[in-house]
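Engineer: please find the sequence and the predicted model below.
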2 protein chains.
Amino acid sequence: MKQTFKVDLEPVGRRIEVEPGLSLLEIAQKAGVDLVAACGGMGSCGTCLVRLVTGKLSSLTLTEEVTLTAEQIAQGYRMACQAGPESDIRLEIPPESLPVAQKMQIDGHETEVELDPNIVVIEANLALPNLEDLRSDLSRANQAIQNKGYAPLHGELNAYIHTSNFLRSSQWNGRIVFQPKPHSSLLITVLPPRTDCLGLAVDMGSTKLALYLINLETGVTIAKTGVMNPQIAYGEDVVSRIAFANRSEENQRLLQTRLVDTLNQVTGELCKSVNAESHQIVDAVIVGNTAMHHFLCGLPVAQLGAAPYVPVISEPLEFHASEVGLQMAPGARVFMPAIIAGFVGADHTSALLATQAYAADRTLVLVDIGTNTEISLIHQGHTYTCSTASGPAFEGAHIRDGMRAAPGAVERVRISNGSLKVITIGNSPAVGICGSGILNAIAEMRKAGILDTRGVLCRTDPRVRIRDGRAEFVLVHATETGHGRDIIITRKDVHEIQLAKGAIRAGIEIALQEAGISADSVEEWVIAGAFGTYLDLPSAVRVGMFPNMPLDRFHQVGNAAGVGAKQMLVSRKKRAEAAQIIDRVNYLELTIYPGFTERFIQAMYLSD
Amino acid sequence: MKQTFKVDLEPVGRRIEVEPGLSLLEIAQKAGVDLVAACGGMGSCGTCLVRLVTGKLSSLTLTEEVTLTAEQIAQGYRMACQAGPESDIRLEIPPESLPVAQKMQIDGHETEVELDPNIVVIEANLALPNLEDLRSDLSRANQAIQNKGYAPLHGELNAYIHTSNFLRSSQWNGRIVFQPKPHSSLLITVLPPRTDCLGLAVDMGSTKLALYLINLETGVTIAKTGVMNPQIAYGEDVVSRIAFANRSEENQRLLQTRLVDTLNQVTGELCKSVNAESHQIVDAVIVGNTAMHHFLCGLPVAQLGAAPYVPVISEPLEFHASEVGLQMAPGARVFMPAIIAGFVGADHTSALLATQAYAADRTLVLVDIGTNTEISLIHQGHTYTCSTASGPAFEGAHIRDGMRAAPGAVERVRISNGSLKVITIGNSPAVGICGSGILNAIAEMRKAGILDTRGVLCRTDPRVRIRDGRAEFVLVHATETGHGRDIIITRKDVHEIQLAKGAIRAGIEIALQEAGISADSVEEWVIAGAFGTYLDLPSAVRVGMFPNMPLDRFHQVGNAAGVGAKQMLVSRKKRAEAAQIIDRVNYLELTIYPGFTERFIQAMYLSD
């Protein structure tokens, strides 16, 4: 007998009927509900918690027994990746398990760039075919192009089809858009008279996507937005997603499809907001870390998940938007700048470009903080670049009560004279703690002596209590939270932050060592990335993430990768510059760097 | 109440359930049964006859009343485009209405061509990635290419994906196949060691498709075949198909899909016959008339159906096989040589190339006979080219008992001393008469005095009878046929052949006039095309299709277009030559040529 179960997902109000054998995580994904699943459903992170409201689930697994607290178990919490239905069920998905809208930092420091896009627009008013002029449609368009000194057109069949249909419906008037090249011009589209040529710049982070719509004829950013990366539902960091993709070709296609669908949807909304249409987008520049780059292109990713972490393509890449299903002008192409290494993607190339860090004549360190943090030290014309696995702790993952920077997240903590104050995002009742909050809390706890340099909790502090023989710090009492449970910081949480900040600091130290200089010689510290924007710098220095330098040497520049993508979109010179950046980079692979482990252990200590 | 009818199609044994409102032709198409429908379902040709076996059909239309004979009506024959079911029905599709396997002439006179294909194969044995060598997969492949002096690779994402997957599964050994270009090499695929690189040459006629599989490393044709063009089900000539395509975008897509599906299927069979696989095909050259060219590419065709008959693209065209769904190597490209005009396609370019007619130092006429006949006169370094609508009469359409050159078709007629003999294809009982048969019959009837020069039947001949006041010639009596009905030649049939041969002759005369020479100055007459192979030359001269010249000046060269396609596949020099041919052509648009109509009327007379 074939049996199915009805599963109700609340509070999202989604219902789905499924056959036995699926995990709750798989069921939620099937229903289009993106649960946070930081480890990609491997059972190692405990971020996909759901609560059983009615019905029967499979028995607790060993993984759940060691991950969940007795209290959580008593309340009906389960790990969605571990449990499956054994009857019709109703589930509650707590806010912490949903990738809700977060504070989206997508802006960055901009500098003036001369307008020189990769496309040319010709206003064409072509002669009508008649029995004395039997030239093909393409020949007619070619004459208009060649009259202006450009090479004849070639392109994709779709571009030809659109061009012919359009010109014949518009009395042979239109704006022919093409990429000029020495021997032939690449046909992109024909637009109606008085219709703007638009370009799309995208920065694909592991956690969020930043999209910018640019008028390519003025260089002005006419619309922009940040949205969550839908792939979060399949793993919070790219390593988890690579593991997910490796399980089947279907999984890998799913990661690509979800990404492309979201990009198309958001692009459509951006266009609508300025009364434009997607097919006006004639050029695109997309940057992202190496894994996101490969996911978008559908390139194999298995080899990115294991040493030596080699990309399929590191070279600058240009392909037709239609090859991956991006909805733009019929012949529009997507440009993706060069990748530096398996864990240093084109987003870092883009950040080096936007900050002009690569061309600095002073000694400078660029730190682009994310799930992976890229570090470049520029010194005497050399660029020393490394990547360090800072992990998703700054996004709230792997932290007992961690969450992303969404409403209700504790983002600032102040401890003075024994009293403790927290500030939450949106001033909502606290439901968890985000990356900047926990960093801030640890810095304050260290200052107040509640933590020692090893990260061990002082058991005599009134807010420190012992559970199952382990010390934990009560940040917000249950009575003051939005969900009625204590928000606590455990020794393990402190350790996660020590790992994250230690990885960044170790990377910085190795780069300094490779250049043979001390931190003191660094004249400027440029901190980029969304987390880098919200980061409380004094806290970061206090916990030892950065060397103890005067704070006026630090600059927080926001989403430099997004700014770089925009620059490459409006300027061919900037694309050429980006290619040069790669040539200069001296890449340091930390996994084989002598003495890295010792540096890393040293860097995990909290400052005195 | 929603009603459906079951329709049984015999003898093919297909059953389909349909809603009311569809014609029998549409129902057959839905069921995947390709009926001959020479006019594309417009009700003007009477070639889509079916016979009702059981059940009830809609009433006879006026069109049917004027087209069908009383005898046919009595026997239950209907025009499939006119009738629709009014109950469950069973239909018999007579052999004449099915595009059965015909004598497939796909060979042509070949000349030696030096092997110089558009692809290069490099045997690669690449270094494995390791922590000291972090280059991307593409960089590794590039080194192998660049070591041999070629520019770095670029390509479609699909080609990169395949290359990476393949190299990683083969210990980095493989045969890298690419198109060499000055600044970058176009990646086609990577093949396993010791696997041959194959190429595909196709000549797409309105009626049939000729496919040739070539080993690109030896230049040898390893397999070949001819199949019916599946588009016949939607109209026997391209004008009918253009009308069909114009009715909806879906129709146009259908024409493309049916064509591509058939090409894929037949290519797969060809590969299988030599133990190869479609993905070994790394290059393709496809020729065809302008409409077939546009159908394959999905280019708009409406403008090809009305003056001034302008193609969307006349330039040489190269696109990725995947753009139209052709199944080949992941990055394989399709080359289509330049088109001369709306009714002179790349098949004629190809025929000019294969016959070397374009380079002749003597005066020469090339006539490529098909539904459209292309004529080129080469004289003193000039090429005068025109196209003439000879129509599908030579394929048996528009002829009372006409059929294509399939078993049972009368292909030769001999009349001497008052006795008449017919020879049929396959020596089967006669069921109709094919193009070469009717041409031969008319020549014999003229010789025997049964026809005068105007094409009027002599009413005193014993085989001529009067029906409804009109004279008709009984070619085969009902008792000797395969279907028990007389096979006759009507005055209208003779007129159709007069139109066809008159069109060809008028084109020849105009070309001669344009060059200022007489037919006598033409040293060589090259007759190409499938029909041109079966053509009885003395008959063709006797009816005045060609000027009355010594028969040893005529050469029948078979499928010259197919031979040209093969040459362009194995030789880049031949592709360049084809481009030059176009530049030399002096195209004569007959529809506006002064005096064409008079020439045409004159040319319709049968010779004295």
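Structural biologist: Structure's in. What do you need? Numbering: from 1, shown residues only, chains lettered A, B, ... in the order given.
Engineer: show me the contacts for residue A:135.
Structural biologist: The neighbours of residue A:135, taking C-beta atoms under 8 Å, 6 or more residues apart in numbering or on different chains as the test, are A:129, A:143, B:310, B:314. Yep, even glycine has a C-beta here, placed from its N, CA and C like the rest.
Engineer: can I assume the second one sits in a helix?
Structural biologist: Yes. Judged by DSSP: H, G, I helix; E, B strand; the rest coil, residue A:143 forms part of a helix.
Engineer: what pLDDT does it get?
Structural biologist: Note on residue A:143: pLDDT of 95.
Engineer: repeat that for the first one.
Structural biologist: We have a pLDDT of 91 for residue A:129.
Engineer: which ones are touching the closest residue to it other than its chain neighbours?
Structural biologist: If the residues on either side of it in the chain are set aside, residue A:129 comes closest to residue B:310, at 4.3 Å by C-beta to C-beta, 6 or more residues apart in numbering or on different chains. Neighbour list for residue B:310: A:129, A:134-137, B:303-304, B:342 [criterion: C-beta under 8 Å, 6+ apart].
Engineer: show me those that map onto strands.
Structural biologist: The members of the contacts of residue B:310 all map outside strands under DSSP state E.
Engineer: helix or strand for the residue nearest to residue A:129, which one?
Structural biologist: For residue B:310, there is no helix or strand it lies in under DSSP states H and E.
Engineer: now do it against residue B:249, distance only.
Structural biologist: 20 Å (C-beta to C-beta, to the nearest Å).
Engineer: with residue A:140 instead?
Structural biologist: Taken as C-beta to C-beta, the span from residue A:140 to residue B:249 is 24 Å.
Engineer: likewise residue A:69?
Structural biologist: The gap separating residue A:69 from residue B:249 is 61 Å, by C-beta to C-beta.
Engineer: neighbour-wise, which of these two wins?
Structural biologist: The residue with more neighbours, out of residue A:69 and residue B:249, is residue A:69; 13 against 9, by other C-beta atoms under 10 Å in any protein chain shown.
Engineer: what are the phi and psi values at the more buried one?
Structural biologist: Residue A:69 adopts backbone torsions of phi -80, psi 160, taken as degrees, to the nearest 10.
Engineer: now do residue A:34
Structural biologist: Residue A:34 adopts backbone torsions of phi -80, psi 100, taken as degrees, to the nearest 10.
Engineer: equivalent analysis for residue A:497, please.
Structural biologist: According to degrees, to the nearest 10, residue A:497 has phi -70, psi -40.
Engineer: tell me how many other residues crowd it.
Structural biologist: 28.
Engineer: so what's residue A:393 up against?
Structural biologist: Residue A:393 makes contacts with A:399, A:402, A:435, A:438, A:496-497, A:499-500, as judged by C-beta under 8 Å, 6+ apart.
Engineer: and it, that one's in a strand?
Structural biologist: No. Remark: residue A:393 does not belong to a strand; assigned using three-state DSSP, it is helix.
Engineer: could you check how far it is from residue B:455?
Structural biologist: 94 Å.
Engineer: equivalent analysis for residue A:17, please.
Structural biologist: For residue A:17, the distance to residue B:455 equals 74 Å [C-beta to C-beta].
Engineer: return the residues in contact with the nearest residue to residue A:423 once chain neighbours are set aside.
Structural biologist: Excluding its sequence neighbours, the residue lying closest to residue A:423 (C-beta to C-beta, 6+ apart) is residue A:412, at 4.1 Å. Going by C-beta under 8 Å, 6+ apart, residue A:412 touches A:422-423, A:436-437, A:440, A:536.
Engineer: so which bits of stretch A:252-262 are buried?
Structural biologist: A:252, A:254-256, A:258-260, A:262 (16 or more other C-beta atoms under 10 Å in any protein chain shown).
Engineer: and chain B, which of those reach it?
Structural biologist: Among the buried residues of stretch A:252-262, no residue lies close to chain B (C-beta under 8 Å from any C-beta of the partner chain).
Engineer: mark which of these are part of helices, please.
Structural biologist: Among the buried residues of stretch A:252-262, the residues falling in helices (DSSP state H) are A:252, A:254-256, A:258-260, A:262.
Engineer: turn those residues into CSV, columns for pLDDT and distance to residue A:324.
Structural biologist: Formatted as CSV, those follow (pLDDT from 0 to 100; distance: C-beta to C-beta, whole Å):
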residue, pLDDT, distance to residue A:324
A:252, 94, 13
A:254, 92, 14
A:255, 94, 12
A:256, 97, 7
A:258, 90, 12
A:259, 95, 9
A:260, 96, 6
A:262, 92, 13
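Engineer: which of these lies closest to residue A:209?
Structural biologist: Closest approach to residue A:209 among those (C-beta to C-beta): residue A:262, at 6.8 Å.
Engineer: contacts only, for the closest residue to the closest one other than its chain neighbours.
Structural biologist: Leaving aside its chain neighbours, residue A:262 sits nearest to residue A:230 (4.7 Å; criterion: C-beta to C-beta, 6+ apart). Residue A:230 is in contact with A:34, A:258-259, A:261-262, counting by C-beta under 8 Å, 6+ apart.
Engineer: got the phi and psi for residue A:230?
Structural biologist: Residue A:230 adopts backbone torsions of phi -60, psi -20, taken as degrees, to the nearest 10.
Engineer: and what of the one 4 residues further on?
Structural biologist: Residue A:234 adopts backbone torsions of phi -110, psi 20, taken as degrees, to the nearest 10.
Engineer: pretty sure it is touching residue A:254, no?
Structural biologist: Yes. If you go by C-beta atoms under 8 Å, residue A:234 and residue A:254 touch, sitting 7.2 Å apart.
Engineer: OK, contacts around residue A:327?
Structural biologist: By C-beta under 8 Å, 6+ apart, the neighbours of residue A:327 are A:264, A:267-268, A:278-279, A:321.
Engineer: please pick the buried ones from those.
Structural biologist: A:264, A:267, A:278-279, A:321.
Engineer: and those, which two are furthest apart?
Structural biologist: Maximum pairwise distance among the buried ones among the contacts of residue A:327 (C-beta to C-beta): 11.9 Å, between A:264 and A:279.
Engineer: close to chain B: what parts of the stretch 301-450 of chain A are there?
Structural biologist: Contact residues (C-beta under 8 Å from any C-beta) of the stretch 301-450 of chain A with chain B: A:303, A:307-315, A:318-319, A:323-324, A:339, A:341-342.
Engineer: export the contacts of residue A:230 to a markdown table and tack on distance to residue B:274?
Structural biologist: As requested, the contacts of residue A:230 are exported to a markdown table (distance: C-beta to C-beta, whole Å):
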| residue | distance to residue B:274 |
| --- | --- |
| A:34 | 50 |
| A:258 | 42 |
| A:259 | 42 |
| A:261 | 42 |
| A:262 | 46 |
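Engineer: chain B: which of the residues you listed is nearest?
Structural biologist: Closest approach to chain B among the contacts of residue A:230 (C-beta to the nearest C-beta): residue A:259, at 14.2 Å.
Engineer: just to check, that closest one is in contact with residue A:231?
Structural biologist: Yes. At 6.1 Å, residue A:259 counts as touching residue A:231 under the criterion of C-beta under 8 Å.
Engineer: any shared contact partners between those two?
Structural biologist: Shared contacts of residue A:259 and residue A:231 (C-beta under 8 Å, 6+ apart): residue A:295.
Engineer: what residues does the stretch 151-300 of chain A put near chain B?
Structural biologist: Checking the stretch 151-300 of chain A against chain B by C-beta under 8 Å from any C-beta, the hits are A:152, A:154, A:156-158, A:160-161, A:164-165, A:168, A:297-300.
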